[in-house]
Each structure stands twice: as structure tokens, then as C-alpha cells.
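> Could you look at this predicted model? Sequence included:
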Amino acid sequence: MNQHLKETSSTNAWLMADVRSRRERGEPVPDLFAVYADFQTAGRGAGTNKWYSSRGLNILTSICFDTKLAATEQFVFNLWFATSTRRFLAKHVPEVIIKWPNDMYIHDRKLAGDLTEHSVSGNRLDFTVAGIGIDVNEEVFPDWIPNPTSLFLETGHRYDIGTLMDEYLAVLRERRPLLNPEHSAELREEYLSHLYRLNELQSYNIKGQQITAIIRNIDRFGRLVLELPDGRQEAYGFKEIGYVI
């Protein structure tokens, strides 16, 4: 059974605390257990980013996974979660694509973003909490959000959040067997086939300098591989590169 909250500080914080409390009581990690909220008072994105959402209009959810992955295989989870989320959203907006490492875009506009947190025990992932915010019925965004969009703005349709949550979780359950290193090549191929700006000459901020480069690949650590103007290929981790949009 999933948990619906009227309000919380952060669905990720709520679920991380809940799972750790279960661990202390000797209870198993509830795989694919989800909490979703109408409103977050301190919603978070990746890094120090904040997540904006009006009350009751959007999907604000965190989901627990008992992945049993090795700590070195964390990017397998990212591949699986990003492609699964894209599959769900593409049912409503087929043009949705993945902006590395885990945002969902429609053309140059951001539709969703996630925040994944792993609890590591020894050399394995004890459990993973993946939080995601999906702009669903939002119409007007604050000026500090640079390039947002929502399902409503893209389709003109209003959506029931509970129904969408059920659809989303159904996709995750259906694709759950793929969350395995044995399927990493398949997941990687799917991820790359829907990767924003792949093989396009575009502008990026790298080490304080704006350059034009081409996204060619992702490496086994999940870093973005760019072909630079001199023909060299370099890999960049999160926060080492910025998109110019």
C-alpha cells in the first residue's frame, strides 16, 4: 500500500526516515513502496536545487527500491529509472526525452526532474529512494525557473494526480525485472536512443568557459562524453558541465 500525504517537507526525506526506521525494527525494505504528497515545504532537486510545485497540481513522489545492486553499479539504477519514467511520460507526450543525467525534457523545456539517494552498506546498496517531481497541471511558473513546462501546457488536458500515480507505478512494476546489471546494455541503448542533444553541435559551459561540443556517449560511470572542438573526447560528471539553453 502506498502512502498519500497532504503535506511534508520532502517526500525523499520522509521516505528515507521511514525506511531507516523499518530497518532498525528489523523489517524488510518495501520494494516499490511509494509516498506522494500534495505539497512539499522544502522540495529538493539535484545538488542544491529547489523544486517548485503548487499545491495539489503535480506529481511529487518518492519510491523505495530494494535493488540489491553493487555500489559500483549505481548508474544501472539511473539508466533504468530514467528510461522507465520516460516510458510512462511518453504515453501522454511522445516527444519526451532524457536530459542527462535524469531530467525529462520536451524539446528545450523541463517537464520533470529526479533526486536519487542510495543507502550503501559495505559494497552494496542497502536500499535506494528515488524522488521525482513531474509538472502535471501547473500553468504559471516563477521567473527563477528557466525553462519549465507541464503536461497541461503541452497537451491542454487536465490530469487526475492519483490516476497518473497509478499509471506510473504500473510502468515501474512492469519494468522492475530490467533493474539488473544483466540488462545494462539494453538499458544503455534505450537511454542513448532518447538522450537530449545526442550527436548535435551545441553550446555548454565547462570550467567557466562556453564552448561548442557534441554529446557522443555516456561512460560506464554515467559521465557525459563530449567531443570537443579539437576532436578529443572528454567525460564530465554532474556539475562539471552546464547546458546553454
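Yep, that arrived. As the structure is a computational prediction, the values presented were derived from the model and not from experiment.
> So what would you say the end-to-end distance of stretch 142-158 is?
20 Å (C-alpha to C-alpha, to the nearest Å).
> and it, average pLDDT?
With pLDDT averaged residue by residue, stretch 142-158 scores 95.
> Return the set of buried residues in it.
149-154 (16 or more other C-beta atoms under 10 Å). To be clear about C-beta, it is placed using only N, CA and C from the backbone, and glycine gets the same treatment.
> V136: what's it in contact with?
Residues in contact with V136 (C-beta atoms under 8 Å, 6 or more residues apart in numbering) are 57-59, 150-152, 159, 161, 164.
> As CSV, these with distance to W51 and secondary structure would be great.
Below are the contacts of V136 laid out as CSV (distance: C-beta to C-beta, whole Å; DSSP: H, G, I helix; E, B strand; the rest coil):
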residue, distance to W51, secondary structure
L57, 13, coil
N58, 9, coil
I59, 11, strand
S150, 13, coil
L151, 16, helix
F152, 18, helix
Y159, 18, coil
I161, 16, helix
L164, 17, helix
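> contacting residues around Y105?
Y105 touches 96-99, 111, 196, counting by C-beta under 8 Å, 6+ apart.
> and it, what element?
If you go by DSSP states H and E, Y105 is part of strand 103-106.
> What ranges does the chain have for its helices?
Counting by DSSP state H, the chain has helices at residues 11-24, 74-90, 151-155, 161-175, 184-193.
> tell me the most buried of the ones you listed?
Mean neighbours per residue, mean count of other C-beta atoms under 10 Å, is largest over those for helix 74-90, with a mean of 21.
> ok, residues contacting that one?
Contact with helix 74-90 is made by 65, 67, 69, 96-98, 101-102, 104, 111-112, 114, 116, 118, 125, 128, 130, 132, 134, 151, 167-168, 171-172, 175, 178-181, 183-184, 187-188, 190-191, 194, 220-222, as judged by C-beta under 8 Å, 6+ apart.
> Take that helix, keep the C-alpha atoms, and write them as CSV.
The C-alpha coordinates for helix 74-90 follow below in CSV (Å, rounded to 0.1, in the frame of the first residue of the first chain):
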residue,chain,number,x,y,z
GLN,A,74,24.6,2.7,-9.2
PHE,A,75,24.4,4.0,-12.7
VAL,A,76,22.4,0.9,-13.7
PHE,A,77,19.6,2.3,-11.5
ASN,A,78,19.8,5.7,-13.1
LEU,A,79,19.5,4.1,-16.6
TRP,A,80,16.5,2.1,-15.5
PHE,A,81,14.7,4.8,-13.6
ALA,A,82,15.2,7.4,-16.4
THR,A,83,14.1,5.1,-19.2
SER,A,84,11.1,3.9,-17.2
THR,A,85,10.0,7.4,-16.3
ARG,A,86,10.3,8.4,-20.0
ARG,A,87,8.2,5.4,-21.0
PHE,A,88,5.5,6.5,-18.6
LEU,A,89,5.5,10.1,-19.8
ALA,A,90,5.7,9.2,-23.5
